[in-house]
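Colleague: Return a 3D structure for these sequence lines:
(2 chains)
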There are 2 protein chains.
Amino acid sequence: MNIDIAKRVYDRTWKLDPIVRSLLDTDFYKLLMLQPIHARHENVRTTFTVINRTKSINLAAVIDEKELRDQLDHARTLRFGKRELIWLRGNTFYGKQQIFRPEFLDWLADFSLPEYDLRIENGDYVLEFDAPWSQATMWEVPALAIINELKSRAATRSMGRFELDILYARAKAKLWDKIERLKKLDGLRISDFGTRRRHSFLWQSWCVEAMKEGLGNAFVGTSNVLLAMNNDLESIGTNAHELPMVYAALCEEDGCLRESPYKVLEMWRDFYDGNLLIVLPDTFGTAAFLARAPDWVADWTGMRPDSKPIQQAGEEIIAWYKARGRDPAKKLIIFSDGLDIDSIETAHRNFNGRMRPSYGWGTNLTNDFRGCGSHPIPLLDPISLVCKITSVNGKPAVKLSDNLAKATGGKEAIDRYLKVFGEEGRGVQAVSV
Amino acid sequence: MNIDIAKRVYDRTWKLDPIVRSLLDTDFYKLLMLQPIHARHENVRTTFTVINRTKSINLAAVIDEKELRDQLDHARTLRFGKRELIWLRGNTFYGKQQIFRPEFLDWLADFSLPEYDLRIENGDYVLEFDAPWSQATMWEVPALAIINELKSRAATRSMGRFELDILYARAKAKLWDKIERLKKLDGLRISDFGTRRRHSFLWQSWCVEAMKEGLGNAFVGTSNVLLAMNNDLESIGTNAHELPMVYAALCEEDGCLRESPYKVLEMWRDFYDGNLLIVLPDTFGTAAFLARAPDWVADWTGMRPDSKPIQQAGEEIIAWYKARGRDPAKKLIIFSDGLDIDSIETAHRNFNGRMRPSYGWGTNLTNDFRGCGSHPIPLLDPISLVCKITSVNGKPAVKLSDNLAKATGGKEAIDRYLKVFGEEGRGVQAVSV
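Modeller: Now for the predicted structure:
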């Protein structure tokens, strides 16, 4: 056996095995959103809060506080590297060159993650980021990835070498079985959206490489910017709920509130075009959004429904495009809510051809170890962990969504928003992942 | 990434990735048999012949002749290493110290594999070893391991990195599922007999480590001497058909022939005792062997039936021990013919308690990749490849066995043996592995 002695000795000196090692290890949409946030909203102060919706897992009992702080502290030491900035500047995204403006990239060069506030309340962690929007927003993905990987490490800590070998062998075989089913879907376009919920960075890397190998061009890319760069893949993603949530929170008047989702789209159009013109219609309810949408919204490239059952969401959007006189078959529809192989197959059967469906596959791509242990290991199951904007300049940030189980913002504010946007088209579905 | 540059550069200079790298990479019973062969039969000249019983695979079409010669030539350069001889001398085998005599170990120190004869006849390889018995016998296991691994290399040569990753992931998961079923068998005693039919050396190593990890003490050891040494496991095995085949071939008279199986046991008893006193009853038919066996044969530790359906073999042996007034529950019975998880479970259910069953698990332990490829890869399926003694001092070596599909020796000689040993208790079953 030929062992690199220097490496072994060096490895022993590690104080930490850092989970997040690059500021590009985040979702692409965070960068796309960051550009207008920085350019237009430097004076907005926000709080982002990590919320564990899976009540059966107490994270404080599972994750050591010092380890968590060490990982968060390490993430704060990160800066965008020179070659990372060069890549952002020189790369083509969604077929366009130079979508990031020079002034933004110069500002990014000095970017670092702001302070965090970690405390224990009612026996579990409260992790919050109170900072200018353009700083706090960047914690979302690394904070979630860190907690999820620390949970994975806790779940695997007592496992032997063989148990681990088998665990990953089974997980690989399980994912590959899914990929073989995906291969059979004509005209499939699917991407990795699994950074935040991943089992670990190395596992996500493997999953992304497996998708690239197994699906070829049907795998259109990954939301993870670092993995996109490392694997010469497209960076995928556009925008998220925090934009309409902040725009809404900044409104004093109900009229302003009602119009705020469209103001977000106007702002977005000032920065981007083409395939980046994707509407996220569900922040305050899809039905209300579509009913009041100005006609130019129907000219955008497509929509990403995110909280309604897929079938229902697709039919609603098709009907709307038809009502507005547009051909739905030319429109992109991006499904990204709790997908797995069965729901992807069903959605593709139902919508391929009727629209141009695309799939953003998250948790069940990068964190599906269910049934892979020699005995059930509940701690390996993915949890519904989110990092949501909760306050904007001291006022509550509200999300209603189409699924009231996903609503956030406090009763009083939610009630006001429900009055403004209406109750139409909402349900309550269990949130699995 | 920290790369050992020296290792990468060195690896590039390899002319060969040798399959057999140690003379201990063989079955333990070859060494146990070699000791009396060397001590008593140095003047016996034998031919061993590699026979592929799987007619659907033409090995000459699959394996490059130069590669095969390079591997065989490399095996001939091997000598027993100093620490290997020290281990053979100092180790305890089957609870006994010093079962190898100093004179034998001194002779082993200079041992090397004799010449081979490789040619093509009727479009396929003929591989023969014509040499003194004490040399030719040692080719059996390395020759089979080399051919089987070259076949594996041919099967995997065109596969991509991910395809291979998934192949081995699935094979690991498959074996582990079997191990989890084995875990549930009370009082299980099982060992690895899979050297000759292994997919590859590294794969067998993994399988042995997995069995050790998964089964603990229920995994009693491996027939592979090198893996036993490396993993601090027991070396398992006793004797094989070649002993009675040679003793029989050396007989001119039918009377001598009829007694020859018991002469072998007398010789064996001069060298070994205790758990090494295992009878292999089927060389010329179990029924004939048991009917004529002297009473002291029933005092031996147990039997290894090798060519009859398990259920039938077990019942026959139990009935025989009872008829001879011995308690079968105290006798060892070693099943080793084409076992897999289902047949092990069935045998254990039927015989555990009634005898002391033990399992020598071969091909389906170390070479089961069926269903592990993304598409069927017939070349990965194990083949029924054997290396049998075919001639002794110029006369044909005969094996009848309980399954006439396994008979070897030429029609004339087989007919003579059938007359001497009788037709009783023989069947014809398909030979799978």
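
Colleague: Go through the longest helix seen in chain A and flag the buried ones.
Modeller: Looking across chain A with DSSP state H, the single longest helix is helix A:161-183. Using 16 or more other CB atoms under 10 Å in any protein chain shown as the test for burial, helix A:161-183 gives A:162-163, A:165-176, A:178-179, A:182. The C-beta positions use only the backbone N, C-alpha and C, and glycine is treated the same way.

Colleague: what subset of the residues you listed is also close to chain B?
Modeller: A:162-163, A:165-166, A:168-170, A:172-173, A:176 (CB under 8 Å from any CB of the partner chain).

Colleague: now the residues you listed in a markdown table, with pLDDT?
Modeller: Converted to a markdown table, these look like this (pLDDT from 0 to 100):
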| residue | pLDDT |
| --- | --- |
| A:Phe162 | 88 |
| A:Glu163 | 90 |
| A:Asp165 | 93 |
| A:Ile166 | 94 |
| A:Tyr168 | 96 |
| A:Ala169 | 96 |
| A:Arg170 | 96 |
| A:Lys172 | 96 |
| A:Ala173 | 95 |
| A:Trp176 | 96 |
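
Colleague: any idea how far the closest residue to A:Thr286 other than its chain neighbours lies from chain B?
Modeller: The shortest distance from A:Thr286 to any non-neighbouring residue, by CB to CB, 6 or more residues apart in numbering or on different chains, is to A:Asp402 (5.4 Å). Using CB to the nearest CB, to the nearest Å, A:Asp402 is found at 38 Å from chain B.

Colleague: wait, does the one helix or strand A:Val9 maps to make contact with chain B?
Modeller: Assigned by DSSP states H and E, A:Val9 falls within helix A:5-12. Yes. On the criterion CB under 8 Å from any CB, helix A:5-12 is in touch with chain B at A:6-7, A:10.

Colleague: Show me which of those residues are buried.
Modeller: For the residues of helix A:5-12 next to chain B, buried by 16+ other CB under 10 Å: none.

Colleague: Nearest to chain B among these?
Modeller: Distance to chain B across the residues of helix A:5-12 next to chain B (CB to the nearest CB) is lowest for A:Lys7, with 4.6 Å.

Colleague: That closest one and B:Asp4 touch, don't they?
Modeller: Yes. Assessed by CB atoms under 8 Å, A:Lys7 is found in contact with B:Asp4 at 7.2 Å.

Colleague: how about the residues of the stretch 101-250 of chain A near chain B?
Modeller: Residues of the stretch 101-250 of chain A lying close to chain B (CB under 8 Å from any CB) are A:160-163, A:165-166, A:168-170, A:172-173, A:176, A:180, A:209-210, A:213-214.

Colleague: try 6 Å this time
Modeller: Applying CB under 6 Å from any CB of the partner chain, one finds that the stretch 101-250 of chain A approaches chain B through A:162, A:166, A:169-170, A:172-173, A:176, A:210, A:213.

Colleague: okay if I get the residues you listed as JSON lines plus distance to B:Glu149?
Modeller: Formatted as JSON lines, these follow (distance: CB to CB, whole Å):
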{"residue": "A:Phe162", "distance to B:Glu149": "23"}
{"residue": "A:Ile166", "distance to B:Glu149": "24"}
{"residue": "A:Ala169", "distance to B:Glu149": "21"}
{"residue": "A:Arg170", "distance to B:Glu149": "26"}
{"residue": "A:Lys172", "distance to B:Glu149": "24"}
{"residue": "A:Ala173", "distance to B:Glu149": "23"}
{"residue": "A:Trp176", "distance to B:Glu149": "25"}
{"residue": "A:Ala210", "distance to B:Glu149": "27"}
{"residue": "A:Glu213", "distance to B:Glu149": "26"}
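
Colleague: circling back to that earlier point, contacts for the longest helix of chain A, please.
Modeller: With CB atoms under 6 Å, 6 or more residues apart in numbering or on different chains as the test, helix A:161-183 has contacts from A:214, A:341, A:369, A:372-373, B:166, B:169-170, B:172-173, B:176, B:210, B:213.

Colleague: Most widely separated two among the residues you listed?
Modeller: Spatial extent of the contacts of helix A:161-183 (CB to CB) is set by the pair A:Ile341 and B:Glu213 at 31.2 Å.

Colleague: In the stretch 301-433 of chain A, which residue sits nearest chain B?
Modeller: Closest point on the stretch 301-433 of chain A to chain B, by CB to the nearest CB, is A:Ser374, at 6.3 Å.

Colleague: And that residue, how close does it get to A:Ile166?
Modeller: According to CB to CB, to the nearest Å, A:Ser374 and A:Ile166 sit 7 Å apart.

Colleague: now A:Val208
Modeller: Here A:Val208 is placed at a distance of 23 Å from A:Ile166 (CB to CB).

Colleague: Enumerate the residues of the stretch 301-433 of chain A near chain B.
Modeller: Proximity of the stretch 301-433 of chain A to chain B (CB under 6 Å from any CB) involves no residue at all.

Colleague: could you pull out the strands for the stretch 301-433 of chain A?
Modeller: With strands called from DSSP state E, counting those that start in this stretch, the stretch 301-433 of chain A shows them at A:302-303, A:332-335, A:356-361, A:385-392, A:395-396.

Colleague: Can I get the second one as CSV, trimmed to CA atoms?
Modeller: This means strand A:332-335. What follows is strand A:332-335, C-alpha atoms only, in CSV (Å, rounded to 0.1, in the frame of the first residue of the first chain):
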residue,chain,number,x,y,z
LEU,A,332,-42.3,26.7,-19.4
ILE,A,333,-43.7,25.2,-16.2
ILE,A,334,-41.2,24.4,-13.4
PHE,A,335,-42.3,21.9,-10.8
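
Colleague: Partner strands of that strand and their direction?
Modeller: Using DSSP bridges, the strands paired with strand A:332-335 in its sheet are strand A:302-303 (parallel), strand A:356-361 (parallel).

Colleague: In JSON lines: these, plus mean neighbour count.
Modeller: Shown next, in JSON lines, are the strands paired with strand A:332-335 (neighbours: other CB atoms under 10 Å in any protein chain shown):
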{"stretch": "strand A:302-303", "mean neighbour count": "24"}
{"stretch": "strand A:356-361", "mean neighbour count": "23"}
